[in-house]
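Student: Sequence first, then the predicted structure:
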Amino acid sequence: MQRFVHGNRSFADLTLLKENDTLLPIMGGNVTGYTLVAFLGKFSIIHLVAVSRGRTWNLTDMDEERDLTMDLWYTEKQTDNFGITMKVTRTYENEQTDFQHLTMIETEEWGTMLTLDGMVMTSVRDEFVYHEMVAHPALVTHPNPENVLVVGGGDGGVIREVMKHPKVKKAVLVDIDGKVIEYSKKYLPTIAGELDNPRVEVIVGDGYMHIAKHKNAYDVIMVDSTEPVGPAVELFSKGFYQGIYEALKEDGIFVAQTDNPWFKADLIQTVNRDVKEIFPIVRVYGANIPTYPSGLWTFTMGSKKHDPLAVEAASIPEFETKYYTPRLHAAAFVLPKFVEDLVK
């Protein structure tokens with residue numbers, strides 16, 4: 001059991017907290033205010049709020065130990081001036097991998113949650129929106145998506161959705177961080193459950209290099225990356241999109257998550273411009289994902305031949321979903337005007 005003392009340990013030590021650890025505040029330390037703050041990764045914050053007998057105590061004003069319960073809150077700092085916060089009940093993993101800072105936490109509102117470099121990647125409550133919207137629009141647009149590549153997506157959610165399409169003979173997942181795959185299998189079984197499907201090949205490696213080495217190999221390529229920080233930066237480059245074009249067959253389709261229009265308008269514009277210089281058909285669509293910055297999320301599709309807007313709802317096969325539907329397919333491409341203006 002770890003004990004944390006205000007006077008001779010830094011706040012960074014609080015990021016070591018895991019399930020069943022106890023924080024024992026020593027009164028008279030150098031903490032001011034009602035909230036203890038610890039930084040977790042680059043952008044997020046943990047708040048430890050001391051509560052006793054229904055009121056919040058200023059720990060610096062207390063001269064004796066009291067029976068305290070500690071509320072743990074996770075905050076993703078989405079901009080310099082804005083963030084989203086949620087109550088945490090357990091911390092399963094808190095680790096600096098070879099590539100990024102990874103945490104697996106249990107939240108009161110959203111269930112088990114994976115974060116990377118201080119950014120929410122997925123939660124069991126709302127994960128279906130993102131994973132369905134990465135996979136299904138492209139797979140119903142392509143008439144015969146036999147070979148599919150997923151770059152990133154080590155949590156396995158996109159692969160789970162891909163496996164709902166019987167035309168897919170093989171799906172390859174390439175994620176640079178094996179720890180994401182390992183912990184997702186352990187803590188997110190409803191998301192990662194299809195990673196052991198015999199139609200799936202899982203590769204721990206560099207997706208950028210995999211694409212460069214596989215020309216004319218895939219019918220559909222899906223880029224399920226983090227935001228453009230750390231190892232994901234190159235996955236938003238024009239050179240990467242050109243590599244995807246060359247890795248696709250003559251009628252191939254690719255799709256990538258392209259962040260939100262409220263805080264990342266420049267990114268959406270840049271990606272849209274770059275993809276239009278490579279692919280003859282480019283479409284942007286959106287979805288509502290409450291644990292992602294702003295809640296409004298965009299995806300960019302590039303196609304060599306097939307237009308997702310030409311897909312008729314009646315032609316979309318039946319498969320189990322929670323968000324995507326045949327009628328939603330076309331509707332998702334109808335953008336708010338301010339987003340539409342970004343991608344003209």
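Tutor: It's in. Numbers count the residues shown, from 1 in each chain.

Student: thought residue 327 was touching residue 314?
Tutor: No: if you go by C-beta atoms under 8 Å, residue 327 and residue 314 don't touch, sitting 10.3 Å apart. For the C-beta atoms, the positions are set from N, CA and C on the backbone; glycine is no exception.

Student: If you count surrounding residues, which of these two has more?
Tutor: Legend: neighbour count by other C-beta atoms under 10 Å for residue 327 and residue 314, higher for residue 327 (10 against 6).

Student: Let me know how buried residue 276 is, in neighbour terms.
Tutor: When neighbours are counted by other C-beta under 10 Å, residue 276 comes out with 15.

Student: Make sure it is actually in contact with residue 270.
Tutor: No: between residue 276 and residue 270 there is no contact, the gap being 10.9 Å when judged by C-beta under 8 Å.

Student: any residues in contact with both of these two?
Tutor: Common neighbours of residue 276 and residue 270, using C-beta atoms under 8 Å, 6 or more residues apart in numbering, do not exist here.

Student: Pull out the buried positions in stretch 271-290.
Tutor: 271-272, 274-275, 278-279, 281-287, 289 (16 or more other C-beta atoms under 10 Å).

Student: sorry, that was for stretch 204-217
Tutor: Quick answer for stretch 204-217 (16+ other C-beta under 10 Å): 206-208, 210-212, 214, 217.

Student: Keep only those of those that are in helices.
Tutor: 207-208, 210-212 (DSSP state H).

Student: Which of those scores worst on pLDDT?
Tutor: Looking at these by pLDDT, the weakest one is residue 208, with 91.

Student: So it versus residue 276, what's the distance?
Tutor: For residue 208, the distance to residue 276 equals 21 Å [C-beta to C-beta, to the nearest Å].

Student: try residue 171
Tutor: 27 Å.

Student: Just the element for residue 115, please.
Tutor: strand 111-116 (DSSP states H and E).

Student: Residue 311 contacts residue 330, correct?
Tutor: Yes: counting by C-beta under 8 Å, residue 311 does reach residue 330; the two are 7.4 Å apart.

Student: ok, and for stretch 194-206, which residues are buried?
Tutor: Neighbour count says stretch 194-206 has 194-195, 200, 202, 206 buried, by 16+ other C-beta under 10 Å.

Student: Regarding that stretch, how distant is the last residue from the first?
Tutor: Its start and end residues considered, stretch 194-206 measures 21 Å (C-alpha to C-alpha, to the nearest Å).

Student: Low-confidence regions, the stretch 101-250 of the chain specifically.
Tutor: 226-233, 235 (pLDDT under 70).

Student: As a check, name the ranges of all helices in it.
Tutor: Assigned by DSSP state H, counting those that start in this stretch, the helices in the stretch 101-250 of the chain fall at 127-141, 157-162, 178-187, 189-192, 207-213, 238-247.

Student: Can you tell me which of these is most buried?
Tutor: Highest mean neighbour count of the helices of the stretch 101-250 of the chain: helix 157-162, a mean of 27 (counted as mean count of other C-beta atoms under 10 Å).

Student: List of residues touching that helix?
Tutor: Contact partners of helix 157-162, identified using C-beta under 8 Å, 6+ apart, comprise 122, 127-128, 130-132, 134-136, 139, 148, 150, 153, 168, 171, 173, 191-195, 197, 200, 222, 224.

Student: Using PDB, write down the CA coordinates of that helix.
Tutor: What follows is helix 157-162, C-alpha atoms only, in PDB (Å, rounded to 0.1, in the frame of the first residue of the first chain):
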ATOM      1  CA  GLY A 157     -13.500  -2.000 -31.700                       C
ATOM      2  CA  VAL A 158     -13.200  -1.300 -35.400                       C
ATOM      3  CA  ILE A 159     -12.100  -4.900 -36.100                       C
ATOM      4  CA  ARG A 160     -15.200  -6.000 -34.200                       C
ATOM      5  CA  GLU A 161     -17.400  -4.000 -36.600                       C
ATOM      6  CA  VAL A 162     -15.500  -5.200 -39.600                       C
END
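
Student: Right, I'll call it a day here.
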